[in-house]
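[1] pasting the sequence and the predicted model now:
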Amino acid sequence: MELKNKNILVVGLAKTGVACARFLASKGARVTVTDMRSESALSGQLAELAAYDIIRELERHEEVTFLASDLIVVSPGVPMDLPQLVAAKLSGREIVSEIELAARFIDAPLAAITGTNGKTTTTTILGAIFKHNGYHTFVGGNIGNPMIELAESNNIVDQVVAEISSFQLEWITSFRPTVAALLNLSEDHLDRYPDYQAYIDAKLRIFENQTEDDFAVVNRDDPLVWKHAQGLKAALFPFSRKFELEEGIFYKDGVITYRHNGHEECFPTAAIRLQGVHNLENIMAATACALLLGCRPDETFETILCFEALHHRMEFVREVNGVSYYEDSKATNVGSVEKALESFTDITLIAGGKDKGGAYAPLASLVKERVRHLVLIGEAAERMEQELGALTDTRRAATLEDAVRIAAEITAAGGTVLMSPACSSFDMFKNYEERAQRFIAAVKAL
């Protein structure tokens, strides 16, 4: 792809946009960056670009600039229906996402992981497996470093592992992973997409350019995933906790079994540190991707045995008066809370936050069966109480600290207090990490 002397517009100056602008400028493109924020709000980002001759259009998006561009690179946070993007598309401008741009400059096998939940854990496990197998590995995408940073570095790598969000897939044209994994689908980001199907369609684009020489690792137990996987061009490689598979990877009676082309590998799970049914799925997906891309079974299993839970995903905080406290602040949608509730019984659930537009009804049976007390916080509390409140003892709390105090008072010894919000954090906190730290501090103060 020739970039020299091309007029290229980068839309959005978060971490990905800055990395793209830097890469494009280093390749001799005439780069313009545009962002609705002010120069003072972007001082850190602009400092990173100070060494380059880059035009800035701040606090506005000029349609004429979009229409005069040879190529437009869109950051993940920018919605597809931005009027200037719509006009540019109608006029025939080429519009790409960062992963599309990066993939054109990366010549290594790519394992791409998407899904509503579990992406970060699965991506991190897979990256660790590749490294333990001796491969020079880049791990990034929606976590850590944008893929364009690998293209910019000119480092030679053997394997690329990328967490991929639906937002990143919106503007791809030729992006083609060697192995693409779809972990699960549940309602999310309905504040961005017109409906659930539009969100699903965005996720499914990860398989769009694959051929029969590639692999699609898919969740056999998720009805939506399995339904949409049937028409894929890539070779299907399912994973399952519920079905024994002739071709694929599955869990049964304490053993993970991998079967491919008549070959079988077995991994006993008793000594694995990473607990929870959701993590069993993440481990199977990562193992499938690794073995399909040439990793050795022994080194792969050694990595899995030693892997610890990532922060803010079902993380044990402490035990107080016989009650265990778990922090699951990364659970920002209903699907991830379902997996958390499946992992415990006798639960006091602290939930709520900024409503993302999905239904809470899918939690009903688990709340009825496993949640003894429900403590609600944040903007979504009222709607959550309407949909779930009649199923169990339900309370409201003004703050997260109040919620922890109430939970401590009402939870009997042997129970579990689980903060798994099913909502984003932006009504009360800067991000999910701050919410997690506040919960941990409140528990430690008991």
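    All right, it came through fine.

[2] just name the shakiest helix or strand of this protein by mean pLDDT.
    Across the helices and strands of the chain, mean pLDDT, DSSP states H and E gives its lowest value to helix 334-342, namely a mean of 89.

[3] and the next helix or strand past it?
    strand 347-352 (DSSP states H and E).

[4] which elements pack onto that next one?
    If you count contacts as 3 or more CB pairs under 8 Å, 6 or more residues apart in numbering; DSSP states H and E, strand 347-352 packs onto helix 334-342, strand 371-377, helix 381-388, helix 400-410, strand 416-419. Any C-beta I mention is one placed from the backbone N, CA and C, and that applies to glycine too.

[5] any chance of these in TSV, plus distance to Gln45 and mean neighbour count?
    Listed next are those as TSV, based on distance: least, CB to CB, whole Å; neighbours: other CB atoms under 10 Å:
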stretch	distance to Gln45	mean neighbour count
helix 334-342	30	22
strand 371-377	33	23
helix 381-388	35	18
helix 400-410	31	19
strand 416-419	32	26
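
[6] and the ones you listed as a markdown table, adding distance to Asp191?
    Shown next, in a markdown table, are the helices and strands packed on strand 347-352 (distance: least, CB to CB, whole Å):
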| stretch | distance to Asp191 |
| --- | --- |
| helix 334-342 | 14 |
| strand 371-377 | 19 |
| helix 381-388 | 14 |
| helix 400-410 | 22 |
| strand 416-419 | 22 |
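
[7] can you tell me which of those is nearest to Cys289?
    Across those, Cys289 has its closest neighbour in helix 334-342 (19.7 Å, CB to CB).

[8] quick one: low-confidence ranges for the stretch 251-400 of the chain?
    Within the stretch 251-400 of the chain, the segments meeting pLDDT under 70 span 309.

[9] strands of that one, start to end?
    Secondary structure of the stretch 251-400 of the chain (DSSP state E, counting those that start in this stretch): strands located at 255-260, 263-268, 315-320, 323-327, 347-352, 371-377, 393-396.

[10] what about the closest residue to Asn219 other than its chain neighbours, neighbour count?
    Of all residues not flanking Asn219 in the chain, Val225 sits nearest, at 4.6 Å (CB to CB, 6 or more residues apart in numbering). Applying other CB atoms under 10 Å, we find 21 residues neighbouring Val225.

[11] which secondary structure element is home to Val225?
    Counting by DSSP H and E, Val225 is part of helix 223-229.

[12] who's in contact with that helix?
    Leu182, Leu183, Asn184, Leu185, Ile200, Leu204, Ala216, Val218, Asn219, Arg220, Leu236, Pro238 (CB atoms under 8 Å, 6 or more residues apart in numbering).

[13] which stretch of helix or strand covers Ile440?
    helix 432-444.

[14] which strands or helices does that helix pack on?
    Counting contacts by 3+ CB pairs under 8 Å, 6+ apart, helix 432-444 packs against strand 315-320, strand 323-327, helix 400-410.

[15] circling back to that earlier point, if we compare the helices and strands packed on strand 347-352, which one ends up closest to Asp107?
    helix 334-342 (34.8 Å).

[16] and the nearest residue to Gly389 once chain neighbours are set aside, what is it in contact with?
    Nearest residue to Gly389 in three dimensions, chain neighbours excluded: Leu374, at 7.0 Å (CB to CB, 6+ apart). Leu374 is in contact with Thr348, Leu349, Ala351, Val367, Leu388, Gly389, Leu391, Thr392, Asp393, Thr394, Arg395, counting by CB under 8 Å, 6+ apart.

[17] now with 10 Å?
    Neighbouring residues of Leu374 by CB atoms under 10 Å, 6 or more residues apart in numbering: 347-352, 363, 367, 384-385, 388-389, 391-396, 407.

[18] could you do Ile172 as well?
    Val96, Ser97, Ile99, Glu100, Leu101, Ala103, Ile164, Ala202, Arg205, Ile206, Glu208, Asn209.

[19] okay, it: pLDDT?
    Model confidence at Ile172, given as pLDDT, is 97.

[20] ok so, going back, after the helix holding Val225, next one along is what?
    Next element after helix 223-229 (DSSP H and E): strand 235-240.

[21] note down every partner strand of that next one and its orientation.
    Sheet pairing here is set by DSSP bridges, and for strand 235-240 it gives strand 215-219 (parallel), strand 248-252 (parallel).

[22] tabulate these (a markdown table), appending distance to Glu401 and mean neighbour count.
    Below are the strands paired with strand 235-240 laid out as a markdown table (distance: least, CB to CB, whole Å; neighbours: other CB under 10 Å):
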| stretch | distance to Glu401 | mean neighbour count |
| --- | --- | --- |
| strand 215-219 | 37 | 25 |
| strand 248-252 | 39 | 21 |
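
[23] count of neighbours near the closest residue to Asp355 other than its chain neighbours?
    In space, and not counting its chain neighbours, Asp355 is closest to Ala380: 4.1 Å by CB to CB, 6+ apart. When neighbours are counted by other CB under 10 Å, Ala380 registers 23.

[24] give the contact list for Ala380.
    Ala380 neighbours (CB under 10 Å, 6+ apart): 351-357, 360, 387, 421-424, 427.

[25] tilt between the least confident helix or strand of the chain and strand 347-352?
    160 degrees (axes from the mean of the first three to the mean of the last three CA atoms, to 10 degrees).

[26] where's the residue nearest to Gly389 relative to Leu391, distance?
    According to CB to CB, to the nearest Å, Leu374 and Leu391 sit 8 Å apart.

[27] next one: Lys15
    Counting by CB to CB - Lys15 and Leu391 are separated by 41 Å.

[28] same deal with Ile256?
    34 Å.

[29] of these two, which one has the most company?
    Remark: of Ile256 and Leu391, Ile256 carries more neighbours, 23 against 16, as counted by other CB under 10 Å.

[30] ok, what's across the strand from that one?
    Tyr251, Phe267.

[31] hmm, back to that, tell me which of the strands of the stretch 251-400 of the chain is the most buried.
    Neighbour counts (mean count of other CB atoms under 10 Å) averaged over each of the strands of the stretch 251-400 of the chain peak at strand 347-352, with a mean of 28.

[32] got the residue ranges for the helices in the stretch 51-200 of the chain?
    With DSSP state H, counting those that start in this stretch as the criterion, the stretch 51-200 of the chain has helices at 63-67, 83-90, 98-103, 119-132, 148-153, 166-169, 196-204.

[33] between the strands paired with strand 235-240, which gets nearest to Lys444?
    With CB to CB as the measure, strand 248-252 is the member of these nearest Lys444 (34.9 Å).

[34] tilt between the closest one and strand 255-260?
    Angle, strand 248-252 to strand 255-260, by the same axes, to 10 degrees: 160 degrees.

[35] can you give the distance of strand 248-252 from its chain's centre?
    23 Å (CA atoms, centre = their mean, to the nearest Å).

[36] now the buried members of the contacts of helix 223-229.
    Listed as buried from those are Leu182, Leu183, Asn184, Leu185, Ile200, Leu204, Ala216, Val218, Asn219, Arg220, Pro238; burial here means 16 or more other CB atoms under 10 Å.
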